[in-house]
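>>> sharing a model prediction with you, sequence too.
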Amino acid sequence: MQNTILLDKLKGKPTNRPPVWFMRQAGRILPNYQKLKEKYAFHEMMSDPDLASEVTLMPIYDLGVDAAILFSDILVVPVALGMKMSFTAKGPVFESPLAGAAEPSKALEPDPSKLEYIYQNIEAIIKHRPDNTPLIGFCGAPLTTLCYMVQGTGKNPNFPDVVKYLYRNKSDARKMIDAIADMSVTYAQNQIKHGVEVFQLFDTHAGLIPVDLYMELFWPAIEKISKAVRETGAPFIYFPKGLGTGIKYVTPDIADYVSIDWQMPIEHARELVPQGVGLQGNIDPRLLYASKDEIAKALEKFIPFYRQNPDLILNLGHGFLPDVPYENARFVVEWVKQAWWK
Ligand code: CP3
């Protein structure tokens, strides 16, 4: 058996329904992951090819999704740039956040070999995956990555030190963004070399600053990462959460698909995003707290939309929340597979 529905859709081939997968599907809500977590810490699972492979493939078996996403984290890039970070029960914590540095870019010590264990994980996943189900690789976009490097934790979602830094020290910020982008390029290309077939760039905090400033400071880096991925032939999905009307800049030479957040009505996104770029999304992650009847009712709206716009991949408008019922996540996948899309 082969599962090619996601790759077919990304390549513009006809499929009989939209493919479905979820951001943050590897871990979090899966009971089998919770069991593993009793025995192993996150970093232990991430650095062991057998465990990383088991968790990556778990959602294929337990949820029935059409793709796996690598079990890793966006914060491996700051570590490869020389920063010390640990995953605690309350989330990631950096030992020396750059907010305290006079010239933050000078504190970096790039070492791409720190990412090599991840390529071993990818090879293990490719060896064990069922039905050649495609593997999605990823990294964080420079703004989201910078948020954690400067602020040190995700505790304050406004990342005030980051915004201050961007306005106060633009020239150093540009150096920093370049360094993150260069490491991301190496990392993305190596992921693909070792077997990843689709690449998603996560910019969870794209909405932190005005669109104009985002375009001025971060767009050249987005272009660079996108170009590096697409030169390999792998499709590129871009998730700029909160970018609002800025999604109109995502032209076909930037991305194959753009992942739409839950704030933006999908019809409005379609009007903004240039033709030739497909949409992924954008189920509200909180819908999964509702009853199955309510969930089905909310999902119905995607059917007429899909009939007009078949370049659609179903996903959430942000990652799973940790406490949503696992049964409801399974229900969404079953619903997508059984609905009449034609
Ligand atoms: O999508 C997937 O399931 C693949 C793996 C993945 C993880 N993190 C695993 C993880 C992906 C794609 C990410 C991306 C990520 N990491 C983002 C961007 C997407 C988003 O959700 O906004 C961000 C901002 C991070 C940073 C990060 N890592 C935070 C804030 C935390 C703590 C809170 C949380 O999300 O659980 C992490 C830790 C982390 N990354 C865990 C997992 C499975 C939790 C570890 C655990 O189980 O204790």
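Here it is on my side, so go on. Residues are numbered from 1 along each chain as shown.

>>> mind checking the longest helix of the protein?
Determined from DSSP state H, the single longest helix within the chain is helix 170-193.

>>> hmm, it in reach of the ligand?
No - shown here: helix 170-193 not in contact with the ligand (C-beta under 6 Å from any ligand atom), separated by at least 12.3 Å. C-betas here are computed from N, CA, C, even on glycine.

>>> what are the contacting residues of that helix?
Helix 170-193 is contacted from outside by 70, 76-77, 80-81, 98, 103-105, 108, 110, 112, 115, 118-119, 122, 137, 139-142, 145-146, 149, 165-166, 199, 217-218, 220-221, 224-225, 228-229, 232, 234, using C-beta atoms under 8 Å, 6 or more residues apart in numbering.

>>> report the buried residues of it.
172-174, 176-177, 179-185, 187-192 (16 or more other C-beta atoms under 10 Å).

>>> please compute how far that helix lies from its chain's middle.
From the chain centre to the centre of helix 170-193 is a distance of 16 Å (C-alpha atoms, centre = their mean, to the nearest Å).

>>> now do the contacts for the residue of the stretch 151-300 of the chain found nearest the ligand.
Per C-beta to the nearest ligand atom, residue 204 is where the stretch 151-300 of the chain lies closest to the ligand, at 3.4 Å. For residue 204, the contact set (C-beta under 8 Å, 6+ apart) comprises 140, 144, 239, 241, 318.

>>> please redo it, this time with the cut-off set to 7 Å
Residue 204 makes contacts with 144, 241, as judged by C-beta atoms under 7 Å, 6 or more residues apart in numbering.

>>> before we move on, what about residue 305?
Neighbouring residues of residue 305 by C-beta under 7 Å, 6+ apart: 266, 267.

>>> that one belongs to a strand?
No - judged by DSSP: H, G, I helix; E, B strand; the rest coil, residue 305 forms no part of a strand; its state is helix.

>>> and it, how far from residue 209?
30 Å (C-beta to C-beta, to the nearest Å).

>>> next: residue 34.
Note on residue 34: its distance to residue 209, by C-beta to C-beta, is 36 Å.

>>> which residue of those two possesses the greater neighbour count?
For residue 34 and residue 209, the more surrounded residue by other C-beta atoms under 10 Å is residue 209, and the numbers stand at 20 against 13.

>>> got phi/psi on the more buried one?
Taking degrees, to the nearest 10, you get phi -130, psi 160 for the backbone angles of residue 209.

>>> mind listing what it touches?
With C-beta under 7 Å, 6+ apart, residue 209 has these contacts: 163, 166.

>>> distance of it from residue 73?
From residue 209 to residue 73 the distance is 23 Å (C-beta to C-beta).

>>> immediately after the longest helix of the chain, which helix or strand?
Downstream of helix 170-193, the first helix or strand assigned by DSSP states H and E is strand 198-203.

>>> grab the most central residue of the protein for me.
With distances taken as C-alpha atoms, centre = their mean, the chain has residue 202 as the residue nearest its mean C-alpha position (4.0 Å).

>>> related to what we said a few turns ago, narrow the contacts of helix 170-193 to those in helices?
Residues of the contacts of helix 170-193 located in helices (DSSP H): 76-77, 80, 118-119, 122, 142, 145-146, 149, 165-166, 217-218, 220-221, 224-225, 228-229.

>>> in ChimeraX, how would I select just the buried ones from these?
Typed into ChimeraX, the line below selects the buried ones among the ones in helices among the contacts of helix 170-193, using 16+ other C-beta under 10 Å:
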select :76,77,80,118,119,122,142,145,146,149,165,166,217,218,221,224,225,228,229
